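S.K.: Sequence first, then the predicted structure:
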4 protein chains.
Amino acid sequence: REPFALIAGPCQLESLPHARMLAERLLEACAPTGTKLIFKASYDKANRTSLSGKRGLGMETGLEILGRIREEFGCPVLTDVHDEGQCAPAAEVCDVLQIPAFLCRQTDLLLAAGETGRAINIKKGQFLAPWDMANVAAKVASTGNESILLCERGTSFGYNTLVSDFRALPIMAETGWPVVFDATHSVQQPGGQGGASGGQREFVAPLARAACAVGVSALFIETHEDPDNAPSDGPNMVPIDRMSTLIGELRALDDLTKASADNRG
Amino acid sequence: REPFALIAGPCQLESLPHARMLAERLLEACAPTGTKLIFKASYDKANRTSLSGKRGLGMETGLEILGRIREEFGCPVLTDVHDEGQCAPAAEVCDVLQIPAFLCRQTDLLLAAGETGRAINIKKGQFLAPWDMANVAAKVASTGNESILLCERGTSFGYNTLVSDFRALPIMAETGWPVVFDATHSVQQPGGQGGASGGQREFVAPLARAACAVGVSALFIETHEDPDNAPSDGPNMVPIDRMSTLIGELRALDDLTKASADNRG
Amino acid sequence: REPFALIAGPCQLESLPHARMLAERLLEACAPTGTKLIFKASYDKANRTSLSGKRGLGMETGLEILGRIREEFGCPVLTDVHDEGQCAPAAEVCDVLQIPAFLCRQTDLLLAAGETGRAINIKKGQFLAPWDMANVAAKVASTGNESILLCERGTSFGYNTLVSDFRALPIMAETGWPVVFDATHSVQQPGGQGGASGGQREFVAPLARAACAVGVSALFIETHEDPDNAPSDGPNMVPIDRMSTLIGELRALDDLTKASADNRG
Amino acid sequence: REPFALIAGPCQLESLPHARMLAERLLEACAPTGTKLIFKASYDKANRTSLSGKRGLGMETGLEILGRIREEFGCPVLTDVHDEGQCAPAAEVCDVLQIPAFLCRQTDLLLAAGETGRAINIKKGQFLAPWDMANVAAKVASTGNESILLCERGTSFGYNTLVSDFRALPIMAETGWPVVFDATHSVQQPGGQGGASGGQREFVAPLARAACAVGVSALFIETHEDPDNAPSDGPNMVPIDRMSTLIGELRALDDLTKASADNRG
């Protein structure tokens, strides 16, 4: 049982210097525990609550920045793809392609992503049960791609609210694919601010701790130097200056959980 | 207040003769009450539960069939689109383009659909609140398209289950756009059969009745001559030979509801 | 198929003159359609959101008032009971005893109520599925009492929100017991005002209409001459001066629905 | 920050020798970590799914057994009370009185329990939000009783299913009262077996681990030597022979969590 990998970065790319700064600070935060970082950022927010939400830098610029981060820092990078045509270009640059939750049932997208041969992180739809993800993963696996991650990011619970069902982690793990917990979007309040989604940043740490105690292969946490002024998902991003302590605490829980599991055999 | 329009047809296109037969029988079922029919069928099921589910005839063949139905029977036709590129070709043939529920937040798809100038029926995501649809409709309206329909089709309620919240109809109507109730997908049990969605056909009629009593501009009901052997959504399609009685009963409720509303002023 | 009975009255008893005034006005509102009224009022609100909520007049005074209403107006009366000891005294006065939703699984209360021989209206707990009510009714029926009503009043849906699942009406009807729809508590927002429950009065009429179109044996609607200043459940009570029109509209739907059902055989 | 207390025992009392055996084995399981045990057992299951479910030994016999356990083993004991009249007799024997979830809004029961001066463990209703518990606790606190525990035990999530929202633990902790996580009833499937509740024993350990990582004052876990043949809640009880390992693992997580919190200050 390996320690968790950390998928982290800003919700959306803002510029190369900004991505560089966050990558550098994340790597510093990961260094003391030797935590493996996968740098995450989006070049397009394709499903904003309202039309006035900022979309991002676009694919071309975005992939260029991600390529530079990968090269300069030597860390793997992840981005999300939104239609079949984006999969091949994104795969030229990125180590991991991510399927957005709303799109996790779109067969052609899953197949196109799978065919790139890159690792595919599939967010579980807010409208799906954990056991439904076996069929979703099978679509990707049908391409011969065996690098699949299944990611819990909250389930619809009444209106404008998500709940994290931690039974989902062991249930999805039964598929054999590594399981990720997205502590950022699990505390989202979809549409909760009228024209934008709200969020409850204060619950990122407790839910990430819970995930470590249950057992995960990776954690997904978005971060920003000034979340309240970030172009998207500000209410649920963790300030970058708290990441170091948070990673340390999570790694201690992760180590303990995996040692217990090893003892149980 | 106009009587409801009926959006009806098979879940997926099977062949021209099959579509013809259903269109003919639906028009017969609508005739006694003078109910306006919009013939509905999908050329591609892009988000099947599992990879083994039948996808359909494809866009080219499908649109050809829909064009023939439109021409032969003189009734408007509706189909669903799954990415920006499908909007223009579908709009050449169809009077109404439909945005699938899972895709109702994809900005580019909404804009491309809106730009065709065709009427756009937006299914409300299972993960959205009724008031969230105002922002969704505004994306389409930003293109200058003012032919928008908002369609309730069930909301996530625990796992593998949807619930129909009838408050959603008046709430969505406050946007000013006509409201549709999809009685077929509201009784779907997503993923409820493991590798396919289940459904509860026996509740289509009661829920459609409830919708008429609350007040709707259109009803959406899928139908088939042999639902249990249909390639998709069989468990929640109504047998075609029951449509005539059903439409008659629904129209009586619709007339009464709209007369009461007129009396209230 | 009989027309629906109307269970109506104030949430809580305030005084004999107040109860008299509401009974008189309700009977007037029922008269044009010949709708059967069961006058409803509580002598104790035993489970207020907070301690500062008004409890009511108490059992002794309350039953005395209900007895007077019954005698003066010749209409059956209903009240809710909260422990075994209240059942016998309440049954001396009331034609129907009601089991509150939170208490619908308390075996001893159900048995004590059943043993009075009075009709028992069991509110379905917000935490129960419609099919769970068969076991609940069986507890009452075990006493030999065969006058049982099952009442839908909303199901937990996220926090501080209820949803009305209209599938519950035919599902509960399969037990063979008459089914009631409580349009007042179905639009409650439990705890939604911090120290008190909120409510959405504007949805009482649409949901009651939906219930009539699906098919019910009785409707439950609380009313008050000045709901905004009522001691409890004000946000979801219907002003008494709107009851006459509402009852007329609901009866028209009810008649139509039952005629359709008769036609179907 | 003290280590968690463990509230544990069988769902229902079966006999003095049986209670003795479980108390003894639980104390042995707690000893290595010095975990404080509160022995829990019910003398009456007052709200079984169906009438045929076993109710238990009754108050008199039950309290006698609990008194013996308390005396023989010197550990505090807890039982649940179901109406006002049970509070005083139960308080003569028990250190902690527990308010069942369905009854957590019954004002008179809360007041009667509070007035005994004993510690009161209030189960959060499946139909309540975590912030609703402040008003519930205030009812008990109004009696001058300041020994209050708030217990999370799962929230309604669709039909026959509960979900554990771990945000509830810090939210309830903001009241200032200690928070308990009931890992046994959180994995209950209410009514899930038709005439009885089902359960998912395999999730007791992961959810209890999650609770420790988030932070709790006490854990509630029911146990039995042969859960599959226990008279109630068998599907979600942990076999007694697994408790020792489980407690050890949970204590390691608890120690780590509380040390981290101390570091944060």
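M.R.: Sure, I can see it.
S.K.: Who are the contact partners of residue A:262?
M.R.: residue A:1 (CB atoms under 8 Å, 6 or more residues apart in numbering or on different chains). Just so you know, the C-beta spots here come from the backbone N, C-alpha and C atoms, and that holds for glycine as well.
S.K.: Skip the chain neighbours and tell me the closest residue to residue A:43.
M.R.: Nearest residue to residue A:43, sequence neighbours excluded (CB to CB, 6 or more residues apart in numbering or on different chains): residue A:62, at 2.3 Å.
S.K.: what's the spacing between that neighbour and chain D?
M.R.: According to CB to the nearest CB, to the nearest Å, residue A:62 and chain D sit 33 Å apart.
S.K.: Figure out how far the helix or strand containing residue A:134 is from the centre of its chain.
M.R.: When elements are assigned from DSSP states H and E, residue A:134 belongs to helix A:133-141. Computed by CA atoms, centre = their mean, to the nearest Å, the chain-centroid distance of helix A:133-141 equals 18 Å.
S.K.: I'd like to know how many residues surround the residue in the stretch 101-250 of chain A positioned nearest to chain C.
M.R.: Nearest to chain C, among the residues of the stretch 101-250 of chain A, is residue A:158, at 1.4 Å (CB to the nearest CB). Residue A:158 has 21 neighbouring residues, counting by other CB atoms under 10 Å in any protein chain shown.
S.K.: Close to chain C: what parts of chain A are there?
M.R.: Contact residues, chain A versus chain C (CB under 8 Å from any CB of the partner chain): A:157, A:158, A:159, A:161.
S.K.: Next, the third one: secondary structure please.
M.R.: Pointing back at residue A:159 there. Three-state call for residue A:159 (DSSP: H, G, I helix; E, B strand; the rest coil): coil.
S.K.: from what I can see it touches residue C:160, true?
M.R.: No - with contact defined as CB atoms under 8 Å, residue A:159 does not count as touching residue C:160 (10.4 Å).
S.K.: pull the longest helix from chain A.
M.R.: Longest helix of chain A, by residue count under DSSP state H: helix A:243-264.
S.K.: Which positions in that one come out as buried?
M.R.: Residues A:243-244, A:246-258, A:260 are the ones in helix A:243-264 that count as buried (16 or more other CB atoms under 10 Å in any protein chain shown).
S.K.: do the same with stretch A:128-148
M.R.: For stretch A:128-148, burial by neighbour count (16+ other CB under 10 Å) applies to A:128-141, A:143, A:145, A:147-148.
S.K.: can you give me the strands in the stretch 51-200 of chain A?
M.R.: A:77-80, A:96-99, A:119-123, A:148-152, A:155-156, A:162-163, A:179-182, A:188-189, A:198-199 (DSSP state E, counting those that start in this stretch).
S.K.: Neighbours of residue A:66, how many?
M.R.: A count of nearby residues for residue A:66, using other CB under 10 Å, gives 27.
S.K.: ok, residue A:41 - contacts?
M.R.: Residue A:41 is in contact with A:9, A:10, A:11, A:12, A:13, A:19, A:62, A:65, A:66, A:77, A:79, counting by CB under 8 Å, 6+ apart.
S.K.: one more time with 7 Å, if that's ok
M.R.: Contacts for residue A:41 (CB atoms under 7 Å, 6 or more residues apart in numbering or on different chains) come out as A:9, A:10, A:12, A:13, A:19, A:66, A:79.
S.K.: In helices only, show me those.
M.R.: A:19, A:66.
S.K.: per-residue confidence averaged over stretch A:196-205?
M.R.: The pLDDT scores in stretch A:196-205 average 91.
S.K.: Please tell me how far the nearest residue to residue A:141 once chain neighbours are set aside sits from residue D:236.
M.R.: Counting by CB to CB, 6+ apart, residue A:148 is the residue found nearest to residue A:141 once chain neighbours are left out, at 6.4 Å. To residue D:236, residue A:148 is 32 Å away according to CB to CB, to the nearest Å.
S.K.: How about residue A:134?
M.R.: Separation of residue A:134 from residue D:236 (CB to CB): 25 Å.
S.K.: remind me, longest strand of chain A?
M.R.: strand A:218-224 (DSSP state E).
S.K.: which of the buried residues of helix A:243-264 are close to chain D?
M.R.: A:249, A:252, A:253, A:256, A:260 (CB under 7 Å from any CB of the partner chain).
S.K.: I'd like the residues you listed written out as a markdown table, with pLDDT and distance to residue A:28 added.
M.R.: Formatted as a markdown table, those follow (pLDDT from 0 to 100; distance: CB to CB, whole Å):
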| residue | pLDDT | distance to residue A:28 |
| --- | --- | --- |
| A:249 | 98 | 16 |
| A:252 | 98 | 18 |
| A:253 | 98 | 21 |
| A:256 | 98 | 24 |
| A:260 | 94 | 30 |
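S.K.: which one of the residues you listed sits closest to chain B?
M.R.: So of those, ranked by how close each gets to chain B (CB to the nearest CB), first place is residue A:253, at 27.4 Å.
S.K.: Give me the number of neighbouring residues for the residue lying closest to residue A:78 once chain neighbours are set aside.
M.R.: Setting aside the residues directly before and after it, residue A:78 is nearest to residue A:96 in space (CB to CB, 6+ apart), at 3.9 Å. Counted by other CB under 10 Å, the residues lying close to residue A:96 total 23.
S.K.: you'd agree residue A:93 is up against residue A:65?
M.R.: No - between residue A:93 and residue A:65 there is no contact under CB atoms under 7 Å: 9.4 Å.
S.K.: which one of those two has more residues nearby?
M.R.: Between residue A:93 and residue A:65, counted using other CB under 10 Å, the more crowded position is residue A:65 (24 against 19).
S.K.: gap between that one and residue A:72?
M.R.: Taking CB to CB, one finds residue A:65 at 10 Å from residue A:72.
S.K.: ok, back up a step: pipe the contacts of residue A:41 into CSV and attach pLDDT per row.
M.R.: Output for those, formatted as CSV (pLDDT from 0 to 100):
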residue, pLDDT
A:9, 98
A:10, 96
A:12, 94
A:13, 96
A:19, 98
A:66, 98
A:79, 98
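S.K.: Thank you, goodbye.
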